[in-house]
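What follows is a predicted structure for the sequence shown.
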Amino acid sequence: MQLTRDEFEARYRAGKLRLAFIGMSNIGKSYTAMRLATKYDFSLIEVDKLIWEKLGHNDMDAFAKWQGHPYTEGYDKREAQSISLETTATAKALTTQMRNPLIDTTGSVIYTDESVLKTLQRDYYVIYIQAADEHLERLKTQYFKHPKPLIWAGHYKKIDGFSRTDSIKACYPKLLAARHGAYANLADATLPSTMILNKNVKIEDVYQALKPAR
């Protein structure tokens, strides 16, 4: 949903500004959404949480353990189930009536049903947090250190002479590159991860960066 800066600010004051963050898992979507919801008048909706609650899990770690890595037995079936659950959860988030809803989408929102993506583009001002090259190693490390469910969509391949873990690390850039175009096509605005993950950047500056240029 394209907005002018004046429209952005007017909708915010009226409690009718709808924002959504998209981008890779562990790139700072949840961190930034929480900071904004704490400082400003936004109602945070976490799609990951809606999914793991639906599965009867208590936290993200349990959800990630359930889905597993792409080389674990039954992963393809769980991946398909996860996408279905995500489609339902995202559709629910998009229609939730709250003041200035701020949706923290999953990294795999781009794989949800076309009808969900059309609603997202039509009704929400979508911000893509783009991973900088310098944060690629961080993303790979965080995938193992702080696991989150990750849809590989066929981009994982076991590499001869590599362990399964090293194969994941080698395939990760390909997954990121494949997703970039889809994220960019959905987005109304893009913020670099170099800004989002910089702890010296104040949330007030991030908020101002969200706004369309004059």
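In hand now; what should we look at? Not measured: the values here are computed from a predicted model.

in the protein, which spans are helices?
Under the criterion DSSP state H, the chain contains helices at 5-14, 29-39, 47-54, 60-67, 75-95, 114-123, 136-145, 164-186, 193-196, 203-210.

can I get these in CSV with distance to residue 153?
C-beta coordinates here come from the backbone N, C-alpha and C atoms, glycine included. Putting the helices of the chain into CSV (distance: least, C-beta to C-beta, whole Å) gives the following:
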stretch, distance to residue 153
helix 5-14, 33
helix 29-39, 19
helix 47-54, 17
helix 60-67, 13
helix 75-95, 8
helix 114-123, 15
helix 136-145, 15
helix 164-186, 8
helix 193-196, 21
helix 203-210, 29
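
and of those, who's closest to residue 21?
helix 29-39 (4.2 Å; C-beta to C-beta).

which one is residue 54 nearest to, not counting chain neighbours?
residue 85 (6.0 Å; C-beta to C-beta, 6 or more residues apart in numbering).

Residue 170 versus the residue of the chain most remote from its centre, what's the distance?
Ranked by distance from the centre of the chain (C-alpha atoms, centre = their mean), the top residue is residue 161, with 32.5 Å. As for residue 161, its distance to residue 170 is 11 Å (criterion: C-beta to C-beta, to the nearest Å).

mind listing what's buried in the helix or strand bottoming out on mean pLDDT in the chain?
Ranking every helix and strand in the chain by mean pLDDT, DSSP states H and E puts helix 136-145 at the bottom, with a mean of 83. Buried residues in helix 136-145, defined by neighbour count with 16 or more other C-beta atoms under 10 Å: 136, 138, 139, 140, 142, 143.
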